[in-house]
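Asks: Kindly generate the corresponding structure for this input.
(one chain, ligands or ions: 6)
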Amino acid sequence: MCIKFPQFVFYIFAFSFQSYVNAKKNVLLIVADDGGFESQVYGNPVCKTPNIDQLASKSTIFKNAFTSVSSCSPSRSSFLTGLPQHQNGMYGLHQDIHHFNSFDQVKSLPNLLRQNKIYTGIIGKKHVGPENVYPFNFAYTEETDSINQVGRNITKIKELVNKFFSTLNNSQPFFLYVAFHDPHRCGHTNPEYGEFCEKFGNGEEGMGVIPDWKPEHYKPEDVIVPYFIPDTPAARRDIAAQYTTLSRLDQGIGLILKELNKFNHENDTLVLYTSDNGIPFPNGRTNLYDSGIAEPFLMHLPQQTYSQVSETMVSLLDIVPTILEWFNIEYPDFKLNGMAVKLTGKSLLQFVSIKGNEVVFASHNLHEITMYYPIRAIRTNNYKLIHNLNFKMPFPIDQDFFISPTFQDLLNRTVEKRETHWYKNLSDYYYRSEWELFDLSQDPYELHNVATNSSYSSILVILQNMLMEWQIKTNDPWICSPSGVLENKGKFKEKPTCLPLFNGI
Ligand SMILES: *[C@@H]1O[C@H](CO)[C@@H](O)[C@H](O)[C@H]1NC(C)=O
Ligand SMILES: *[C@@H]1O[C@H](CO)[C@@H](O)[C@H](O)[C@H]1NC(C)=O
Ligand SMILES: *[C@@H]1O[C@H](CO)[C@@H](O)[C@H](O)[C@H]1NC(C)=O
Ligand SMILES: *[C@@H]1O[C@H](CO)[C@@H](O)[C@H](O)[C@H]1NC(C)=O
Ligand SMILES: *[C@@H]1O[C@H](CO)[C@@H](O)[C@H](O)[C@H]1NC(C)=O
Ligand SMILES: *[C@@H]1O[C@H](CO)[C@@H](O)[C@H](O)[C@H]1NC(C)=O
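Replies: Ligands and ions are numbered 1, 2, ... in the order given. Model (predicted):
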């Protein structure tokens, strides 16, 4: 389909990766857990992140990067395979009772890189499975250690990074994935360390010590409350704790980059920094609104000494094509559930893109096992279309966010009919329309659904068709939902068909 968008701004990357094609090449992928835009480079002057900012000063700073799903395991499986959750099979969280896994035949980054003799390592939160799909040569994760040690203790993380480089043969290229557990909430699992584990290792009685960490403290009155969070004392205290933990993550990034330099890899390593999903606040994580899917994303090419800002829309599904191109590895031909698999992302190296003409897609099914709420979405520069497949059901809330001070306070205020200081109300948040269309140039906070406004009927149809095309290309089992049933076996084998349910939708 050919879509015309109003403005065409040519955006050409000045920095060429061509000169590195024959040089030694490695990748360091750093991922925050539920991290957002709490850094100077992304416009927050309060939360102190000198190391992220230092990295940004020699990186491409993507201002419009989006995860394809706002949930931990589904997001990690998606950016490690290049396939959305509905295609790779990781429909929800991996751990405990949730028990989701990718299909055994899925080709993941660690798998493909290992086959090409690249030494692969993971330090921190793995949260994906099965093991045969996500095998790393070097692994210190929640499967081998305590998650707080490998994911939040930055001294321990520094030691493990050192160990990774020490065991590495000098001539062998590497892919190191450092998956912090910071700044994830922990009030649900370890309330003794504070809502965001901001006290873990701070040297106070019973908290232990993280020798390399100099805790930063923030006053609730100083924090910046994002537009989608109620501006209340409870939320401000929550955000102040989140900042302390984000500053620990930042110092951890500084330690990792120092190890990289110590082992003389500063000039041969592609460094990427991003986060798995939106921040754990109302309208954030588990939502496909921008507050749930917009991510920080930095890309540093070796010997890049300056920063450049890119407004181009990119997806975390672009990480696999980018790293494969970096290592000059072809994505293999294979079938998954009867259909040939094609990556829908693009490599971010050396690309020339036309601003105003890119799209990103998103797909969510569950977070926790009880939280079935399938959503599909498409975002262009100017529009967001969200398809809530189970829109008749209230939007589900997860355990650790539910118990958070911000949400408890919002519930209390709603029940007691006090001012919530929120830009939405709970009934609108729980009960959504099947189709939500937002005109982002007029309505960046996605508050006014124009799906039924006739001025938007042609763009609605265009976006619905583009979303449907992507669902077909990615073999989405939910393709006929919620108004029909997909029949694709027996006499429908050659011609899969959506048959109507006559359920009024
Ligand atoms: C490095 O090479 C040596 C000798 O070939 C081998 O024994 C060792 O396992 C290799 N180490 C790694 C991390 O691959
Ligand atoms: C963090 O790790 C270091 C080094 O392994 C250890 O000495 C320290 O006790 C750990 N801190 C906490 C809070 O567990
Ligand atoms: C990396 O490049 C810089 C600038 O060209 C140079 O000063 C430095 O020595 C190089 N480091 C290594 C380990 O080659
Ligand atoms: C909400 O109300 C409950 C019950 O009255 C109370 O225990 C809790 O402390 C309140 N929480 C907040 C964050 O106001
Ligand atoms: C929630 O807000 C909407 C406007 O967005 C309003 O129509 C609705 O009545 C409100 N519901 C409640 C329970 O306050
Ligand atoms: C429909 O959208 C147009 C263009 O944004 C706006 O002027 C108009 O007020 C909207 N109509 C309704 C009924 O909201």
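
Asks: State the distance from residue 326 to residue 57.
Replies: Distance of residue 326 to residue 57, computed by Cβ to Cβ, to the nearest Å: 21 Å. Yep, even glycine has a C-beta here, placed from its N, CA and C like the rest.

Asks: Those two: which is more packed in?
Replies: Set side by side, residue 326 and residue 57 show more neighbours around residue 326, with 22 against 15, by other Cβ atoms under 10 Å.

Asks: Just give the number of residues close to the nearest residue to that one once chain neighbours are set aside.
Replies: Of all residues not flanking residue 326 in the chain, residue 270 sits nearest, at 5.4 Å (Cβ to Cβ, 6 or more residues apart in numbering). Residue 270 has 22 neighbouring residues, counting by other Cβ under 10 Å.

Asks: and residue 270, what helix or strand is that in?
Replies: According to DSSP states H and E, residue 270 maps onto strand 269-275.

Asks: partners of that strand in the sheet?
Replies: The strands beside strand 269-275 in its sheet (DSSP bridges) come out as strand 26-32 (parallel), strand 294-300 (antiparallel).

Asks: Pull the distance from the last one to the chain's centre.
Replies: Centroid separation between strand 294-300 and its chain, computed with Cα atoms, centre = their mean, to the nearest Å, is 10 Å.

Asks: can you pull the buried residues of whatever helix or strand comes next after it?
Replies: Following strand 294-300 in sequence order, the next helix or strand is strand 308-315 (DSSP H and E). Judged by neighbour count (16 or more other Cβ atoms under 10 Å), strand 308-315 contains these buried residues: 310, 312, 313, 314, 315.

Asks: Could you check the angle strand 308-315 makes with strand 294-300?
Replies: Put simply, strand 308-315 runs at 130 degrees to strand 294-300, going by axes from the mean of the first three to the mean of the last three Cα atoms, to 10 degrees.

Asks: Put the alpha carbons of stretch 139-152 into CSV.
Replies: Extracted in CSV, the C-alpha atoms of stretch 139-152 (Å, rounded to 0.1, in the frame of the first residue of the first chain):
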residue,chain,number,x,y,z
ALA,A,139,25.3,-16.4,32.0
TYR,A,140,24.8,-14.9,35.4
THR,A,141,21.1,-14.3,35.8
GLU,A,142,18.1,-14.9,38.1
GLU,A,143,18.5,-18.6,37.1
THR,A,144,22.0,-18.8,38.7
ASP,A,145,22.0,-16.0,41.3
SER,A,146,19.8,-13.6,43.3
ILE,A,147,18.3,-11.1,40.9
ASN,A,148,19.2,-8.2,43.2
GLN,A,149,22.8,-9.3,43.1
VAL,A,150,23.2,-9.7,39.3
GLY,A,151,20.6,-7.0,38.5
ARG,A,152,21.0,-4.2,41.1
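
Asks: Give me the contacts around it.
Replies: With contact meaning Cβ atoms under 8 Å, 6 or more residues apart in numbering, stretch 139-152 is reached by 33, 95, 121-127, 156-157, 160, 179-182, 186, 190, 193, 197, 200-201, 245, 248.

Asks: Now, the residues you listed that are in strands?
Replies: 121, 122, 123, 124, 179 (DSSP state E).

Asks: okay, those in JSON lines with pLDDT next?
Replies: Output for these, formatted as JSON lines (pLDDT from 0 to 100):
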{"residue": "121", "pLDDT": "98"}
{"residue": "122", "pLDDT": "98"}
{"residue": "123", "pLDDT": "99"}
{"residue": "124", "pLDDT": "98"}
{"residue": "179", "pLDDT": "98"}
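
Asks: And residue 451, how close does it get to residue 403?
Replies: Residue 451 is 34 Å from residue 403, by Cβ to Cβ.

Asks: actually residue 493, not the one I typed
Replies: Counting by Cβ to Cβ - residue 493 and residue 403 are separated by 48 Å.

Asks: neighbour count winner among residue 451 and residue 403?
Replies: Counted by other Cβ under 10 Å, residue 451 and residue 403 do not tie: residue 451 has more neighbours, with 18 against 15.

Asks: so the more buried one makes contact with residue 460?
Replies: Yes: assessed by Cβ atoms under 8 Å, residue 451 is found in contact with residue 460 at 6.0 Å.

Asks: shared neighbours, those two?
Replies: Joint contacts of residue 451 and residue 460 (Cβ under 8 Å, 6+ apart) are 385, 435, 437.

Asks: Give the closest residue to the last one in space, chain neighbours not counted.
Replies: Ranked by Cβ to Cβ, 6+ apart and with sequence neighbours excluded, the top spatial neighbour of residue 437 is residue 451, at 4.0 Å.
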